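1. Could you work out the structure for the sequence below:
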Amino acid sequence: MRTITFALAKGRLAKKFMGLLAQSGINVPEMSDPSTRKLIFEDKEHGLRFFLAKPSDVPTYVEYGVADIGVCGKDTLMEEGRKLYEVLDLGIGKCRMCVCGPESAASLLHSRQLIRVATKYPVITRDYFYNRKHQTVEIIKLNGSVELAPIVGLSEVIVDIVETGSTLKENGLLVLEEVCQLSAKVIVNQVSMKMESERIGDIIQSLRRIVH
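-> Next up is the predicted model:
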């Protein structure tokens, strides 16, 4: 039996996903050991392998067939734009991608003047402003705390993930526009879907029964 390999976005998402899998009878106790430093885990009984990766790398592993199945956020899929099948919304890791800034910046989102937008997600940001709003903006890519950008004057607004909004509030910012809703998705390699359609289909169906 060929091993089916999963690439999981490490952190909370991987833990929540393994919790869902456990409900379908697939359990890898080693993965829940807080002291482990391992990145690859096996369930030999079911012919499964799991590895933990940086969220933004998960679609790459799946597209290139290193992993048959992946689990990551919709934001990562939109930003990476990889060739793969998006097969199931897990309904976990729910949040929103939003345009945020000080209240005074709200009017700038309806004007024709050029504004600067700081973000970790330049692809999503470009698509939103250029294709949906038809507003020309200068996009500044940041890797750290984007909330800082409008406070220190680097940008007028930011595009970022919002869960509770408490970080925004603490920094005097608020949600000005919603770009899209986000949650965790199950993705599948295009060749794997053909070669292992029955086994992968069974896994997806088991998960679908649990999440819906």
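
2. who touches the residue nearest in space to the middle of the chain in this structure?
-> Taking Cα atoms, centre = their mean, the centroid of the chain lies closest to Gly73, which sits 2.0 Å from it. Shown in contact with Gly73 (Cβ atoms under 8 Å, 6 or more residues apart in numbering): Ala9, Leu13, Pro55, Gly93, Leu182, Ser183, Ala184, Lys185. For the C-beta atoms, the positions are set from N, CA and C on the backbone; glycine is no exception.

3. Show me the residues you listed that map onto strands.
-> Ala9, Leu182, Ala184, Lys185 (DSSP state E).

4. Tell me which two of the residues you listed sit farthest apart.
-> Across the ones in strands among the contacts of Gly73, no pair lies farther apart than Ala9 and Leu182, at 12.6 Å, counting by Cβ to Cβ.

5. mean confidence score for the lengthiest helix in the chain?
-> In the chain, with assignment by DSSP state H, the single longest helix is helix 197-211. Average pLDDT, helix 197-211: 93.

6. for stretch 187-194, same thing?
-> Stretch 187-194 comes out at a mean pLDDT of 97.

7. Mind putting the contacts of Gly73 into JSON lines with distance to Lys133 and neighbour count?
-> As requested, those are exported to JSON lines (distance: Cβ to Cβ, whole Å; neighbours: other Cβ atoms under 10 Å):
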{"residue": "Ala9", "distance to Lys133": "29", "neighbour count": "23"}
{"residue": "Leu13", "distance to Lys133": "30", "neighbour count": "21"}
{"residue": "Pro55", "distance to Lys133": "27", "neighbour count": "22"}
{"residue": "Gly93", "distance to Lys133": "26", "neighbour count": "22"}
{"residue": "Leu182", "distance to Lys133": "19", "neighbour count": "21"}
{"residue": "Ser183", "distance to Lys133": "23", "neighbour count": "14"}
{"residue": "Ala184", "distance to Lys133": "27", "neighbour count": "25"}
{"residue": "Lys185", "distance to Lys133": "25", "neighbour count": "22"}
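
8. Tabulate these (CSV), appending distance to Pro150.
-> Below are the contacts of Gly73 laid out as CSV (distance: Cβ to Cβ, whole Å):
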residue, distance to Pro150
Ala9, 28
Leu13, 28
Pro55, 25
Gly93, 26
Leu182, 22
Ser183, 27
Ala184, 29
Lys185, 30
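
9. Go through the residues you listed and name the one nearest Ser111.
-> Of all these, Ser111 sits closest to Leu182, with 27.5 Å by Cβ to Cβ.
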